[in-house]
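Trainee: this one's structure only:
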């Protein structure tokens, strides 16, 4: 896709995220299917892969839960559009909700009222980060409710160390069973305060499957935890099988000496995401 | 075992189905979530007969997204909803209306398992999130009941389906229960994993 007006690019990204599963996730699901030894889990993976292709070919949402529209914005401090971004993102969500269509998923926690356009207090959810330069990169992650319900924060005593982190992750993933629609992508935020650990966990989910944390120790823990989680036998959709998880991604922050926060963010197999780059000249493109 | 079944099926066929079987259904299935379960039971108790016979169909725990185009209903997405919510009345529902197959997500509890045994029926698991695939297997919408009273997700929709699946039998009429069968295996695996973590 070439240069587009920013509103068109944002709507295209929302549609792509809802209807086309990123290639790295498709490849990971195909690899899981190829090595699966349980007939029951194989049937689940076949259905997921066929569903992905039906959705992509027909340009229809791959799951009826089209999620909470969650954005991560890396905003170049020299971009002339910083003041407009929030309104543009909101407008794109409202438009996409009626065009694609997306399920209206934002509900007032007091009245239960649904405004019908995926907006509301703090919604769409936008995470901001200031970066150098004049480009703005906007990533959308439509996050489903079933897997979000399985996310958790563990405030571990620092004395439990790495072993304690590994055990907490295994216990949590086994307790989740089939509820988050496995095979999942597990994002872990280690360190920081409670809020930082959860936010880093969600950011970790955005990373491409196959990528590794730049810190050797974190990368090693990602590999080890993926193996351990897949030894549990929970399997696709919790029916028993070889692949419970497609990837474990870790992001790290320094911590208080008295705290070891562990944010566990669980993402269902529908790891939907798309990215838009907005240039200083006002043109934009969907880059992944 | 993979089985292609055409609805309606009788009790003896339903009793042959076993945990681990993978079914593909052709025929008519109907949706019912919390509200439709309650309404149907209430009608039965007050002696009002139903406009359809659930024993000739399969029961689908589903709140579909349906749109009307040119006077015809079209299913956009129709994945399974979480079945355990219906546990509080599913045993009574099964004994009253006797659908031979339940389609849902996540499994059900002991009361439903006992009712499956007494009426001769199975609970089947449909792949979570596969809303587009489900819609593709629905050939047409044959009708809808109680749409005005219950609204789109809670109404009873009648879908004509072809090779609807894969539906994995996870609870059968002989007491087979995949979720319970897996528990000791997973517990053993976890024990081995914890030992490996401790050894590092």
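Mentor: The structure has been received and is ready for your questions. Computed from a predicted model, the values in this text were never measured in an experiment.
Trainee: ok, which stretches of chain B are helices?
Mentor: Per DSSP state H, chain B carries helices over the ranges B:11-16, B:34-45, B:87-97, B:110-119, B:131-137, B:147-150, B:178-199.
Trainee: export those to JSON lines and tack on distance to residue A:135?
Mentor: Bear in mind the C-beta positions are built from the backbone N, C-alpha and C, glycine included. What follows is these, written out as JSON lines (distance: least, CB to CB, whole Å):
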{"stretch": "helix B:11-16", "distance to residue A:135": "61"}
{"stretch": "helix B:34-45", "distance to residue A:135": "49"}
{"stretch": "helix B:87-97", "distance to residue A:135": "52"}
{"stretch": "helix B:110-119", "distance to residue A:135": "55"}
{"stretch": "helix B:131-137", "distance to residue A:135": "34"}
{"stretch": "helix B:147-150", "distance to residue A:135": "49"}
{"stretch": "helix B:178-199", "distance to residue A:135": "43"}
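Trainee: Tell me the strands beside the least confident helix or strand in chain B by mean pLDDT, with direction?
Mentor: Of all helical and strand segments in chain B, the minimum by mean pLDDT, DSSP states H and E falls on strand B:65-69, at a mean of 82. Strand pairing for strand B:65-69, using DSSP bridges, gives strand B:72-77 (antiparallel).
Trainee: Give me the contacts around the strand it pairs with.
Mentor: Contact with strand B:72-77 is made by A:60-61, A:63-64, A:101, B:64-68, B:131-132, B:134-135, B:138, B:141, B:144, B:157, B:159, as judged by CB atoms under 8 Å, 6 or more residues apart in numbering or on different chains.
Trainee: cool, and stretch A:275-283?
Mentor: Under CB under 8 Å, 6+ apart, the answer for stretch A:275-283 is A:3-6, A:9-10, A:13, A:76, A:78-81, A:134-140, A:284-288.
Trainee: again, 7 Å this time
Mentor: The contact list for stretch A:275-283 (CB atoms under 7 Å, 6 or more residues apart in numbering or on different chains) reads A:3-4, A:6, A:9-10, A:13, A:79-81, A:134-139, A:284-288.
Trainee: For that stretch, what does the pLDDT average out to?
Mentor: Averaged over stretch A:275-283, pLDDT sits at 96.
Trainee: ends of that stretch, how far apart?
Mentor: One end of stretch A:275-283 sits 14 Å from the other (CA to CA, to the nearest Å).
Trainee: now the angle between strand B:72-77 and the lengthiest helix in chain A, please.
Mentor: Using DSSP H to define each element, chain A has its longest helix at helix A:39-58. Relative orientation of helix A:39-58 versus strand B:72-77 (axes from the mean of the first three to the mean of the last three CA atoms, to 10 degrees): 120 degrees.
Trainee: Show me which residues of the least confident helix or strand of chain B are buried.
Mentor: B:65, B:66 (16 or more other CB atoms under 10 Å in any protein chain shown).
Trainee: Mind listing residues that contact it?
Mentor: Against strand B:65-69 from outside (CB under 7 Å, 6+ apart): A:64, A:103, B:73, B:74, B:75, B:76, B:77, B:141, B:152, B:157.
Trainee: Please list only the buried members of these.
Mentor: Using 16+ other CB under 10 Å as the burial test, the contacts of strand B:65-69 include A:64, A:103, B:73, B:75, B:76, B:77, B:141, B:157 as buried.
Trainee: Could you identify the most distant pair in these?
Mentor: Spatial extent of these (CB to CB) is set by the pair A:103 and B:141 at 19.0 Å.
Trainee: Model confidence for residue B:90, exactly?
Mentor: 98.
Trainee: What separation is there between it and chain A?
Mentor: 19 Å (CB to the nearest CB, to the nearest Å).
Trainee: can you pull the contacts of the closest residue to that residue other than its chain neighbours?
Mentor: Sequence neighbours aside, residue B:112 is the residue nearest to residue B:90 in space, at 4.6 Å (criterion: CB to CB, 6 or more residues apart in numbering or on different chains). Neighbouring residues of residue B:112 by CB under 7 Å, 6+ apart: B:87, B:90, B:91, B:123.
Trainee: Buried ones only from the residues you listed, please, as a ChimeraX command.
Mentor: One line in ChimeraX is enough to select the buried members of these, burial here meaning 16+ other CB under 10 Å:
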select /B:90,91,123
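Trainee: so residue A:210 makes contact with residue A:24?
Mentor: Yes. Here residue A:210 reaches residue A:24: they are 6.1 Å apart, a contact under CB atoms under 7 Å.
Trainee: neighbour-wise, which of the two wins?
Mentor: Taking other CB atoms under 10 Å in any protein chain shown, residue A:210 and residue A:24 do not tie; residue A:24 has more neighbours (18 against 10).
Trainee: hang on, isn't that one packed against residue A:207?
Mentor: No. The criterion here is CB under 7 Å, and residue A:24 misses it with residue A:207 at 9.4 Å.
Trainee: My assumption is that residue A:63 lies in a strand; please confirm.
Mentor: No. Counting by DSSP: H, G, I helix; E, B strand; the rest coil, residue A:63 is not found in a strand; it is coil.
Trainee: what's the spacing between it and chain B?
Mentor: Residue A:63 is 4 Å from chain B, by CB to the nearest CB.
Trainee: before we move on, what about residue A:84?
Mentor: Taking CB to the nearest CB, one finds residue A:84 at 33 Å from chain B.
Trainee: Next up, the contacts around that residue.
Mentor: Here residue A:84 is in contact with no residue (CB under 7 Å, 6+ apart).
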